[in-house]
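Student: how would this look folded up:
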Amino acid sequence: MDILKNVNLNLLKSFWAVYKTGGINKAANLLEITPPTLSHNIKQLERQIGKKLFITHKKGATPTDDATALFPLIESAFDNLLKCNEQLNAQQSGKIVIGTSTIQASFFLAKFLSNFQSKYPHIKLEIVHHPKHDYLGELDNNRIDVAIMTFPERADEQHAIFELRKLDMTFFATAQFAGAHNLKSELTFAQFVSLPFIMIADPKHYQAELENLFGQKLKTIEAAGAHQAYYRAMDSQGVSLMFEEFLDAQKSERIVKLKIKDMPPPPPVIIKCAHHKKPSALVALFVKELKAWYHLL
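Tutor: Next up, the predicted model:
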């Protein structure tokens, strides 16, 4: 048969995705189509080329010898198509507005954003911060194109939301504060709840989550955001919570990490990305690059 005349590119793309991911559901998620549609594509391709390509089972899809022989050729073709696509995308121009916190933009996203800007110099990136973390509301009102959120308050069918990273949280204070309150690196729960705790004012549900973990109200000092909470703690006003990676990056001898030895550690913070389920071409490109950067493809 003549593959150029008879085989749809989407069928080859479905084959490529199943082979790469090892399963129908994973491949469908990668291509953002439904599993039944992907299964139909594979069966149609098998009919057209007259060969069985995958053995499906509960754990995924195992390629046949014919699929193993075909894959390097298809992958090579797709590599060239991707390079062509990147070249075309590099000529795109426009603006992407990203809603995120200052710490996330300057610390966790900084390298990715710099890499994206170098790769696509004609696309302008604008970072905005919403004081109440209502990034889904900002998406609904078309004030932002993409949200990188720590505290997604809600989700609905209008938004595509996926996890970027889990971040371990650590209690910390300054050496000066620890010395003044006779604190060691490990302290009891009774010691901890007697200390002033610096808490980000919004969103309230995170404070409720921590108080539920501890089983009682905390004596809090409110901070407007993560940066203010960090600087108040560094001003020796109390104990606060911050991302482990962020504290390590400060390389400050003034920081003392604290562990509550008779309580479980605080829950991790999950950083997620959100955008409309039908994104513009620029947003789709941005999200694809973001997923690749965080090894989600």
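Student: Please count neighbours and contacts with C-alpha atoms only from this point.
Tutor: Fine.
Student: Low-confidence stretches in the stretch 151-297 of the chain?
Tutor: 151-156, 202-207, 297 (pLDDT under 70).
Student: Show the residue spans covered by the strands in it.
Tutor: Listed in chain order, the strands of the stretch 151-297 of the chain (DSSP state E, counting those that start in this stretch) span 159-167, 169-174, 186-187, 197-200, 220-223, 239-243, 255-260, 269-276.
Student: Please identify which of the ones you listed is closest to residue 291.
Tutor: Comparison of the strands of the stretch 151-297 of the chain against residue 291 by CA to CA identifies strand 159-167 as nearest, at 7.8 Å.
Student: Partner strands of the closest one and their direction?
Tutor: strand 269-276 (antiparallel) (DSSP bridges).
Student: Figure out how far the partner strand is from the centre of its chain.
Tutor: Relative to its chain's centre, strand 269-276 lies at 6 Å (CA atoms, centre = their mean, to the nearest Å).
Student: just stretch 272-286 next, same as before
Tutor: 13 Å.
Student: first vs last residue of that stretch, how far apart are they?
Tutor: One end of stretch 272-286 sits 14 Å from the other (CA to CA, to the nearest Å).
Student: Check which element follows the helix ranked longest in the chain along the chain.
Tutor: Identified as the longest helix of the chain according to DSSP state H is helix 65-89. Sequence-wise, the next helix or strand downstream of helix 65-89 (DSSP states H and E) is strand 94-99.
Student: looking just at contacts, which helices and strands does that following strand meet?
Tutor: strand 123-128, strand 146-149, helix 281-293 (3 or more CA pairs under 8 Å, 6 or more residues apart in numbering; DSSP states H and E).
Student: 7 Å instead, please
Tutor: Applying 3 or more CA pairs under 7 Å, 6 or more residues apart in numbering; DSSP states H and E, one finds that strand 94-99 contacts strand 123-128, strand 146-149.
Student: Save the ones you listed as TSV, and put in mean pLDDT, distance to residue 246 and mean neighbour count too.
Tutor: Output for those, formatted as TSV (pLDDT from 0 to 100; distance: least, CA to CA, whole Å; neighbours: other CA atoms under 10 Å):
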stretch	mean pLDDT	distance to residue 246	mean neighbour count
strand 123-128	93	20	16
strand 146-149	91	16	25
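Student: Rebuild these as CSV, extending it with distance to residue 113.
Tutor: As requested, the helices and strands packed on strand 94-99 are exported to CSV (distance: least, CA to CA, whole Å):
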stretch, distance to residue 113
strand 123-128, 8
strand 146-149, 12
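Student: Residue 281 is nearest to which of those?
Tutor: Per CA to CA, nearest to residue 281 of those: strand 123-128, 11.7 Å.
Student: quick one: the closest one to helix 281-293, angle?
Tutor: 80 degrees (axes from the mean of the first three to the mean of the last three CA atoms, to 10 degrees).
Student: angle of strand 123-128 against strand 94-99?
Tutor: Using the same axes, to 10 degrees: strand 123-128 against strand 94-99 is 20 degrees.
Student: Now the following helix or strand past strand 123-128: buried residues?
Tutor: Using DSSP H and E, the helix or strand that follows strand 123-128 towards the C-terminus is helix 135-140. Using 16 or more other CA atoms under 10 Å as the test for burial, helix 135-140 gives 135, 136, 138, 139.
Student: which one of those residues sits closest to residue 176?
Tutor: Nearest to residue 176 out of the buried residues of helix 135-140 is residue 135 (CA to CA; 37.0 Å).
Student: Residue 149 is nearest to which of the strands of the stretch 151-297 of the chain?
Tutor: Among those, if distance is taken as CA to CA, the winner is strand 269-276, at 5.2 Å.
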